[in-house]
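>>> Below is the sequence, then the predicted model.
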Amino acid sequence: MTIDKRGKMNTTRRDFLVSASTLAAGTAAVMAAGLPFASVAMAEDSVLKGKNLSYIAFGLQYEYQVTLVARVKELAAEKGMNISVYDGKGDPSTQTTQLLDVVSKQPDIILLNAVDATLLQGGVRKANESKIPLFMLENLPPEGEWVAYNTFDDVAGGAAGADAMAKLIGGKGLVLEVRGAIGSGQSEKRYKGFHDQVAAKYPDIKIDVLKAEWTADNAQTLTVDAFTREPNVAGIWAHNDEMIRGVVSALRQIDRLKLAGQDGHVPIVGFDGTPLGLQRIREGTQDADVGQNPFSMAESIVGEMENHFAGKPVKKETLIQPVMITKENVDSKDNWGNRVK
């Protein structure tokens, strides 16, 4: 971490990844001591000062989630909160155990980003019975009470992905859809947005769904298998940038990896706007990315925590809108992936 001449903190990508490995080892970090340049005045003024926040994260194997967790931790430190982060590891069973354990410790606030919210209803019910304020990110359980819910508009993101893909392939052809986990709210909504948009606007596009469960290894295996079944693939759309690592490896493995503009290039559209996704766009292995913003998500949900404890109106649900990233705007400072160095 560095401080520029204006006193602004510049958090590096290495900071985020080091933080992720520490948390993955099971460490619950109290971050006030880790950010010595946080504003003392802000902490003194915030109603959140001294509050204990337990944050059950989706999974720290994903760069977007690492960045989201890191920004929440920075904000917590600025406001004088004590924060414990639990790595959900992308596993509903792990999160179920974590949520019940957290409720037993009676924190002041729980922040939950569920992998499969339907499987966490028991823990949500326990939190409600204990009257612990529950704040939700990205996935909602079918039942239970929460103070505020903050998410990315995944349906709109899926539709934007469909439009970008249609433009790249001329509105026709076979598209491989490399999707996230069945049961994941993000994956279901991205799937819906993409399929609804294709059905409404692009009747000549056919979709082959590959159930890669968010991982690059699965994406690589399934992509190779898909090209073996049908080599005439017009484009590939993935529910996150992490799986595109596997897609690119698969194309290289079968000698189909060509850069944008070269004969035989297979257009690829991703989702997240990670630093690696942006770099692939610059290199030409990826054509576009549906950008979401972990900084906005973190700042919004912590702001609603502050409103709740200050007795101010709380926005029950916040939808953050997608931004399409292409070669033309890949270097924009507005892309969160360019803020992580």
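On my side now, so go ahead. The model shown is predicted, which means the values in this text are computed figures rather than measured ones. Numbering: from 1, shown residues only.
>>> Show me what counts as buried in the helix or strand harbouring residue 158.
Assigned by DSSP states H and E, residue 158 belongs to helix 154-169. Neighbour-count burial for helix 154-169, counted by 16 or more other CB atoms under 10 Å, picks out 154-166, 168-169. Every residue, glycine included, has its C-beta placed from N, CA and C.
>>> Could I get the full set of helices for this protein?
Applying DSSP state H to the chain gives helices spanning 13-24, 40-45, 63-78, 92-105, 121-129, 154-169, 185-201, 216-229, 241-253, 275-283, 294-310.
>>> For these, state which one has the densest average packing.
Across those, averaging neighbours per residue (mean count of other CB atoms under 10 Å) puts helix 63-78 on top, at a mean of 25.
>>> Just the angle for that one relative to helix 275-283, thanks.
130 degrees (axes from the mean of the first three to the mean of the last three CA atoms, to 10 degrees).
>>> Mind pulling the model confidence for the residue lying closest to residue 83 once chain neighbours are set aside?
Closest residue to residue 83 apart from its sequence neighbours, by CB to CB, 6 or more residues apart in numbering: residue 76 at 4.2 Å. Residue 76 is assigned 97 on the pLDDT scale.
>>> Equivalent analysis for the one 5 residues further on, please.
The predicted local distance difference test score for residue 81 is 98.
>>> right, and it touches residue 52 too?
Yes - the pair residue 81 / residue 52 is scored as a contact, 7.4 Å apart, by CB atoms under 8 Å.
>>> between the two, who's got more neighbours?
Comparing residue 81 with residue 52 by other CB atoms under 10 Å, the one with more neighbours is residue 81, at 25 against 15.
>>> OK, contacts around the more buried one?
Counting by CB atoms under 8 Å, 6 or more residues apart in numbering, residue 81 touches 32, 48, 49, 50, 51, 52, 53.
>>> one more time with 6 Å, if that's ok
48, 51, 53 (CB atoms under 6 Å, 6 or more residues apart in numbering).
>>> Give me the pLDDT value at the last one.
Looking at residue 53, its pLDDT is 98.
>>> how far away is it from residue 62?
21 Å (CB to CB, to the nearest Å).
>>> more crowded one of those two?
residue 53 (25 against 20).
>>> That one pairs with what?
Legend: beta-bridge partners of residue 53 under DSSP bridges are residue 83, residue 109.
>>> Over to residue 148?
The partner residues for residue 148, given DSSP bridges, come to residue 135.
>>> My guess is it contacts residue 313. True?
No - contact criterion CB atoms under 6 Å: residue 148 and residue 313 do not qualify, at 10.8 Å.
>>> sorry, back to before: so can I have JSON lines of the contacts of residue 81 showing distance to residue 69?
Shown next, in JSON lines, are the contacts of residue 81 (distance: CB to CB, whole Å):
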{"residue": "48", "distance to residue 69": "17"}
{"residue": "51", "distance to residue 69": "18"}
{"residue": "53", "distance to residue 69": "12"}
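>>> if we take the residues you listed, which one ends up nearest to residue 113?
residue 53 (13.1 Å; CB to CB).
>>> Spit out the contact partners of that closest one.
Residues in contact with residue 53, defined by CB under 6 Å, 6+ apart, are 76, 81, 83, 109.
>>> Would you mind measuring from it to residue 133?
Taken as CB to CB, the span from residue 53 to residue 133 is 10 Å.
>>> Show me whatever sits in contact with both of these two.
Joint contacts of residue 53 and residue 133 (CB under 6 Å, 6+ apart) are residue 109.
>>> Quick check: chain neighbours aside, which residue is closest to the residue nearest to the spatial centre of the chain?
With distances taken as CA atoms, centre = their mean, the chain has residue 64 as the residue nearest its mean C-alpha position (4.6 Å). Leaving out its chain neighbours, the residue that sits closest to residue 64 by CB to CB, 6+ apart is residue 272, at 4.7 Å.
>>> go on, residue 58?
Closest residue in space to residue 58, ignoring its immediate chain neighbours: residue 113 at 4.3 Å, by CB to CB, 6+ apart.
>>> hang on, the one you found packs against residue 138?
Yes - between residue 113 and residue 138 there is a contact under CB under 6 Å: 5.4 Å.
>>> So for those two, which residue has more residues nearby?
Higher neighbour count among residue 113 and residue 138: residue 113, with 26 against 23, using other CB under 10 Å.
>>> now the residue of the chain most remote from its centre: how far from residue 77?
For the chain, the largest distance from the centre (CA atoms, centre = their mean) belongs to residue 263, which lies 33.0 Å off. Distance of residue 263 to residue 77, given as CB to CB: 52 Å.
>>> Equivalent analysis for residue 247, please.
37 Å.
>>> same deal with residue 173?
Distance, residue 173 to residue 77, by CB to CB: 49 Å.
>>> can you check residue 129 too?
For residue 129 relative to residue 77 (CB to CB), the value is 30 Å.
>>> next one: residue 229
51 Å.
>>> can you list the domains in this protein?
Annotated domains of the chain cover 2-146, 154-291 [automatic domain parsing].
>>> among those, where is the model least confident on average?
Among these, domain 2-146 carries the lowest mean pLDDT (a mean of 80).
>>> Got the phi and psi for residue 140?
phi -110, psi 140 (degrees, to the nearest 10).
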